[in-house]
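Enquirer: Return a 3D structure for these sequence lines:
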Amino acid sequence: MENPWKIRSWLLVHPSADPVEILGSGADRIVADLTGPPESWQALEDRHGFWGQAPTPLCVLLPPFSSGRIEAAVELAVRTGVDSVLLAGARSGADIQHLDVLLRVAEAKAGRSGSDTSIVALADAAGILAAKSFQRCSRRVSGLGWHVEGVSSPSSDIVSFARGTVGLAAAAAGVMAVDTISDEADEAGLTSTCIAARNSGFHGKISRLISEIPIINQIFSDQLPGRVISKTSDPPSA
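Expert: All right, here's what the predicted structure looks like:
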């Protein structure tokens, strides 16, 4: 299994996005966005055969529990055979424990008992304040990230606090830290944001734009010239 600490870039796409185009992006993971209306999900299931043979692992972004659509989204994700699921609006470790149960049920229904679909928790504001609760909440958890609606300035105190809190929580849990989507106007801004996240202990970043993937991959790559990898970036010993 691929070392999750090597996942630098997560490209978030609409379920109907052209697979050929997004597979050429260079992203380490393709993430189909299931936070939209269920009618938009069908394209993902229609291309199940394609994704089963694709060289880049497929993941999905699940809607938050408050949406009332998460059970259907989990069942679709399992039927599609995704590598991992990202949970939007994760409020605490209790949400992840609930998601773990939903995954086990869906895997059993799909005849995939024993599968180990991994979870990346994307904490909302409440989840950031309860970041400690994500530690040891489920063996499926491979990463911890964050996303707070309405926060756009990468230099704001809220962003600094969120990154610091989530970065520490991920390190304590022994999982990778994943930075949220940024709304940057240019390459210099994105580069600065990625470096700030990397220096806060993050291992990768989510993006909606194919054009951002090369920059993200470069900044978060172990091979970046002059970068000294902290021991906290290494996976914990078995």
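
Enquirer: Buried residues in stretch 37-46, which are they?
Expert: Within stretch 37-46, the residues that count as buried by 16 or more other C-beta atoms under 10 Å are 41, 44. Where C-beta positions appear, they are placed from N, C-alpha and C, glycine not excepted.

Enquirer: end-to-end on stretch 114-132?
Expert: Taking C-alpha to C-alpha, to the nearest Å, stretch 114-132 runs 28 Å from one end to the other.

Enquirer: in that stretch, what's buried?
Expert: Of the residues in stretch 114-132, those buried under the neighbour-count criterion (16+ other C-beta under 10 Å) are 117-125, 127-128, 130-131.

Enquirer: can you tell me which of these lies nearest to residue 216?
Expert: Proximity of the buried residues of stretch 114-132 to residue 216 was ranked by C-beta to C-beta; the top entry is residue 120 with 15.8 Å.

Enquirer: what's the farthest-apart pair in the buried residues of stretch 114-132?
Expert: Going by C-beta to C-beta, the two entries of the buried residues of stretch 114-132 that are most distant from one another are 117 and 125, at 26.3 Å.

Enquirer: what does the lowest-mean-pLDDT helix or strand in the chain rub up against?
Expert: Among the secondary structure pieces of the chain, namely its helices and strands, helix 48-53 has the lowest mean (mean pLDDT, DSSP states H and E), a mean of 72. Applying C-beta atoms under 8 Å, 6 or more residues apart in numbering, the set of residues contacting helix 48-53 from outside is 19, 44, 58, 79-81.

Enquirer: can we see that at 7 Å?
Expert: Residues outside helix 48-53 that contact it (C-beta atoms under 7 Å, 6 or more residues apart in numbering): 19, 58, 80-81.

Enquirer: now do stretch 33-42
Expert: Residues outside stretch 33-42 that contact it (C-beta under 7 Å, 6+ apart) are 12-16, 60-63, 69, 72-73, 76, 88.

Enquirer: So residue 9 versus residue 89, what's the distance?
Expert: With distances taken as C-beta to C-beta, to the nearest Å, residue 9 is found 22 Å from residue 89.

Enquirer: ok, the two, which is more surrounded?
Expert: Using other C-beta atoms under 10 Å as the criterion, residue 9 and residue 89 rank with residue 9 on top: 25 against 22.
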